[in-house]
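Trainee: sequence-free structure coming up:
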């Protein structure tokens, strides 16, 4: 592993290669035998589990419950909602048969042509259709509303170009699907969940995000409004990290889901959907990590503290073991996840490199002199700074340090992000600046034509029309940098993952 | 709901219909638009989540980690292990295409014939093949072993006759897949996980199980030994509730997974796999529930205590609200999940019936007189007994009661199960007794022929060769009830789900 670490590509050499190397070498994920599908390895999955647990708690605190809907969707469901089918029904995995049989030449198994399905089934690319078909039976009256369901599931989209975590054919996600009696309530819900995502990204992932609404062109297929959180990676590119959709009555109409409202009139139900996926792993990795490997935020690190002994002989190791045992217990009592690695088949230097690569936030080392002096060497992964600290009360020292690291990597990411937000007033300047990466706040005339021209010319897209102000005057009206037509406020442009 | 409850079929009338009614009326699950696939509704999913959380903790305590492997398996993988393909490659969902396109007649979408896969992909019926293909790259030396991975996932088997939770085309499960350097270690692991399942069933589900080993005929396809936990439902039928397989080196050989052992020689890796699924929901429901609805074990009940107020007017309700608030806080402080249902759009009688149907273990009621007397009426769901109890210290009273209910429903199920275990020495008697349901301990000559004859004649199968003794002398040798040939010990026969 120490050797492998040396092979980690540097960010400055090739950012994209650095990312791929890191995901594989840090044992987060790898390509599988199935094109575009990844294996999420135990260490990567442990981070995802931490994310899941936290998000799930936040969903439940906001009144949501979990449920589970079928993996397979009848083909005809996809075409019920006109825009949805355009967005989703194309690149997907199609189940056409339900049986295999032995090949007559003994070469293995073949598809049994007699077992052809009457209607093909699609592996869910997202579940609006099957869920709204189900909700039809759950909703009769306003008293049945709201329905606030979430589902943790795998989904499948036949992506041509895939990258571990960022874009894979199969990925894991959660999808919330809510049903409401009024438009206002549904709109509030969509915003509420965007804010949950924003809070999760910033407080737990330590990833600053720009919250805003998508342009019509970038909307989810079937939504009236798509809200988004946009993070900035270290190469200045945007990563859409979570979206929340106000779906209006589109799916209710497509699946004929009506209810009797308080005025005793039939009305179509209002809907939202919202999701985050294993793509968040990509955002987490790319925001904080460095040329030595992962840097994990303490709030999501599976191992928050690793302790490594340095010893001359078995006797000394035993003494260190005994001393460390008490420290481990004290750390655990504070809810800190700690690993004591006294395995004797790896040298300390190897362990150091390995835990750096894995992004463990705090490393404690105890050697012979430390034992004598009742001290430990503390290293923080974010800055790689070392200090020697007394063992007395080291658990509270570490507890504070973990919070400090959490705050520090957030601030570092925020400072970087803010340093890469610029305003631009002419298209010429835009074309120049976009090459440097970062978010560009510019005026746009609100048309899809202009948006697409910009994308064609520069590969940049409108990431969102932000809710908040990032630069003085960015909420004031102006003129589109391309057409000179009036613009209500500046919007965020960037190249993106 | 109160009305619906009246429609619940009685167990004595039609046990099978009672089960189906109960699953639907208690809002646990329902059929979906996709044949054989169910929707797990929020209340049902909440129970499953509790099961998952507990099992996951137990897996982690025994050193396992979670990971995630692809949903789709290349068709050729299934035929690598000869027995495995016979068992699994037949009734499964086959993905043949990766794109849809608009129908030329505008009628929706059709499969794009140009997007045919070179090799078909199968939705995993179980993941041994894709996982062992992955492990090949993870294992070089004995130092890479053991690998102790678990996966929480959905799987798909094209079942012809399906029943909610008990047998569905898609179901949720966990599948553990471990790799070991020695045969002994793998065998120990298979037994260890069977014991974890047994402990979970008995301590959390309150379902007594018979642990044992399957006959060759009932083994998992590709296993050298399959261990099982067998529960008995209230109709006397067996429900296989979890299995753990010692796979020998079969999958290692099929996927060429070798390692350098401590003696520096190449050797094939030893394997186990083990799983429990949403089928456990069926076992839970059928073991404890009654004609009034679900009876849930407190250790897995999403709502352990429900509190219902009975009031004459708003003022009285406010007084009760204030009083109950303190009790709710005290219960929550003890880690008890409690719901206070003071909704004013349903009458108390409706609420009572609904929470009985939903199996909430303890119901507390506070009326006007209770308010005066500082008391509450406590009802336990398992016996439907009521008592009036002082509010002082009611939280510890309830805490103890929950444990008592947990113990009581286990004992009730155990007593019933034990009362339905009989021994039989002649085949004539067997044919008679099997009609009464229950587990029959009988001698068998160890051949598949005899086993299949018994199955054909009586629909009974060998559930397992039990580890423990259930009736005096059942571990002593005897003569097969069918052929008269020698038998080492009695085995458990039953009809089963």
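Mentor: Yes, it's here. All values reported here derive from a predicted model rather than from experimental measurement.
Trainee: show me where the stretch 251-400 of chain A has strands.
Mentor: A:258-260, A:266-268, A:270-277, A:305-309, A:338-340, A:362-366, A:375-380, A:386-390 (DSSP state E, counting those that start in this stretch).
Trainee: which strands or helices does the second one pack on?
Mentor: To tie it back to what came earlier, the one meant is strand A:266-268. Helices and strands touching strand A:266-268, by 3 or more CB pairs under 8 Å, 6 or more residues apart in numbering or on different chains; DSSP states H and E, are strand A:258-260. In this view, the C-beta of every residue, glycine as well, is placed from N, C-alpha and C.
Trainee: please redo it, this time with the cut-off set to 10 Å
Mentor: Under the contact definition 3 or more CB pairs under 10 Å, 6 or more residues apart in numbering or on different chains; DSSP states H and E, strand A:266-268 sits against helix A:250-254, strand A:258-260.
Trainee: please name whichever of these is nearest to chain B.
Mentor: Among the helices and strands packed on strand A:266-268, the nearest to chain B by CB to the nearest CB is helix A:250-254 (12.4 Å).
Trainee: which residue does the stretch 301-450 of chain A bring closest to chain B?
Mentor: For the stretch 301-450 of chain A, CB to the nearest CB, closest residue to chain B: residue A:345, 7.0 Å.
Trainee: wait, what's in contact with that residue?
Mentor: By CB atoms under 10 Å, 6 or more residues apart in numbering or on different chains, residue A:345 lies in contact with residue B:143.
Trainee: what do you get if the cut-off is 6 Å, keeping everything else the same?
Mentor: If a contact means CB atoms under 6 Å, 6 or more residues apart in numbering or on different chains, then residue A:345 has no contacts.
Trainee: so what pLDDT did it get?
Mentor: pLDDT recorded at residue A:345 is 86.
Trainee: repeat for residue A:1
Mentor: So residue A:1 comes in at 41 (pLDDT).
Trainee: try residue A:497
Mentor: 95.
Trainee: again, but for residue A:82
Mentor: Residue A:82 carries a pLDDT score of 76 in this model.
Trainee: tell me, how many residues neighbour it?
Mentor: 11 (other CB atoms under 10 Å in any protein chain shown).
Trainee: roughly how far does it sit from chain B?
Mentor: 10 Å (CB to the nearest CB, to the nearest Å).
Trainee: which regions of the stretch 251-400 of chain A sit below the pLDDT cut-off?
Mentor: Applying pLDDT under 70 to the stretch 251-400 of chain A flags no residue at all.
Trainee: following the helix or strand containing residue A:56, which helix or strand shows up next?
Mentor: Assigned by DSSP states H and E, residue A:56 belongs to helix A:42-61. Proceeding N to C from helix A:42-61, the next assigned helix or strand is strand A:65-66, under DSSP H and E.
Trainee: pretty sure residue A:128 contacts residue A:251?
Mentor: Yes: between residue A:128 and residue A:251 there is a contact under CB atoms under 6 Å: 5.4 Å.
Trainee: looking at these two now, which is surrounded by more residues?
Mentor: Between residue A:128 and residue A:251, residue A:128 has the larger neighbour count (other CB under 10 Å), namely 30 against 27.
Trainee: show me what contacts that one?
Mentor: Contact partners of residue A:128, counting by CB under 6 Å, 6+ apart, are A:251, A:273.
Trainee: recalculate using a threshold of 10 Å.
Mentor: The contact partners of residue A:128, by CB under 10 Å, 6+ apart, come to A:73, A:77-78, A:80-81, A:84, A:88, A:175, A:177, A:220-223, A:245, A:247, A:250-251, A:254-255, A:271, A:273.
Trainee: still on that earlier bit, please enumerate the shared neighbours of residue A:128 and residue A:251.
Mentor: In contact with both residue A:128 and residue A:251: A:80-81, A:84, A:177, A:222-223, A:271, A:273, using CB under 10 Å, 6+ apart.
Trainee: can you list those residues in TSV and add secondary structure?
Mentor: As requested, the shared contacts of residue A:128 and residue A:251 are exported to TSV (DSSP: H, G, I helix; E, B strand; the rest coil):
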residue	secondary structure
A:80	coil
A:81	coil
A:84	helix
A:177	strand
A:222	coil
A:223	coil
A:271	strand
A:273	strand
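Trainee: nearest to residue A:420 among these?
Mentor: residue A:223 (28.8 Å; CB to CB).
Trainee: mind checking the SS state of the residue nearest to that closest one when sequence neighbours are not counted?
Mentor: Nearest residue to residue A:223, sequence neighbours excluded (CB to CB, 6 or more residues apart in numbering or on different chains): residue A:245, at 3.9 Å. The three-state label given to residue A:245 by three-state DSSP is strand.
Trainee: neighbours of residue A:245, how many?
Mentor: Counted with other CB under 10 Å, residue A:245 comes out at 29.
Trainee: do residue A:233 as well
Mentor: Using other CB under 10 Å as the criterion, residue A:233 is surrounded by 24 other residues.
Trainee: tell me how far the nearest residue to it once chain neighbours are set aside lies from residue A:24.
Mentor: Distance criterion CB to CB, 6+ apart; nearest residue to residue A:233, sequence neighbours excluded, is residue A:286 at 4.3 Å. Counting by CB to CB, to the nearest Å, the separation of residue A:286 from residue A:24 is 14 Å.
Trainee: with residue A:346 instead?
Mentor: On the measure of CB to CB, residue A:346 and residue A:24 end up 20 Å apart.
Trainee: verify the stated contact: residue A:296 with residue A:405.
Mentor: Yes: the pair residue A:296 / residue A:405 is scored as a contact, 9.3 Å apart, by CB atoms under 10 Å.
Trainee: counting neighbours, go ahead and name the busier of the two.
Mentor: residue A:296 (29 against 24).
Trainee: returning to what we had before: pick out whichever of the shared contacts of residue A:128 and residue A:251 sits closest to chain B.
Mentor: Chain B lies nearest to residue A:80 out of those, by CB to the nearest CB, at 8.7 Å.
Trainee: next, the contact list for the nearest residue to residue A:375 once chain neighbours are set aside, please.
Mentor: The shortest distance from residue A:375 to any non-neighbouring residue, by CB to CB, 6+ apart, is to residue A:388 (5.1 Å). By CB under 10 Å, 6+ apart, residue A:388 lies in contact with A:365, A:369-370, A:373, A:375-378.
Trainee: could you dump these to JSON lines with neighbour count and distance to residue B:437?
Mentor: Supplementary listing: these in JSON lines, determined by neighbours: other CB atoms under 10 Å in any protein chain shown; distance: CB to CB, whole Å:
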{"residue": "A:365", "neighbour count": "19", "distance to residue B:437": "64"}
{"residue": "A:369", "neighbour count": "11", "distance to residue B:437": "72"}
{"residue": "A:370", "neighbour count": "21", "distance to residue B:437": "68"}
{"residue": "A:373", "neighbour count": "12", "distance to residue B:437": "72"}
{"residue": "A:375", "neighbour count": "18", "distance to residue B:437": "69"}
{"residue": "A:376", "neighbour count": "24", "distance to residue B:437": "64"}
{"residue": "A:377", "neighbour count": "17", "distance to residue B:437": "68"}
{"residue": "A:378", "neighbour count": "19", "distance to residue B:437": "65"}
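Trainee: of those residues, which pair is most distant in space?
Mentor: Farthest apart among these by CB to CB are A:369 and A:378. That separation is 14.9 Å.
Trainee: is residue A:305 bridged to anything, and to what?
Mentor: residue A:338, residue A:362 (DSSP bridges).
Trainee: I'd say it and residue A:340 touch.
Mentor: Yes: with contacts counted by CB under 10 Å, residue A:305 reaches residue A:340, the gap being 9.3 Å.
Trainee: which neighbours do these two share?
Mentor: Both residue A:305 and residue A:340 are in contact with A:327-328, A:331, A:364, where contact means CB under 10 Å, 6+ apart.
Trainee: for residue A:486, phi and psi?
Mentor: Dihedral pair for residue A:486: phi -70, psi 150, per degrees, to the nearest 10.
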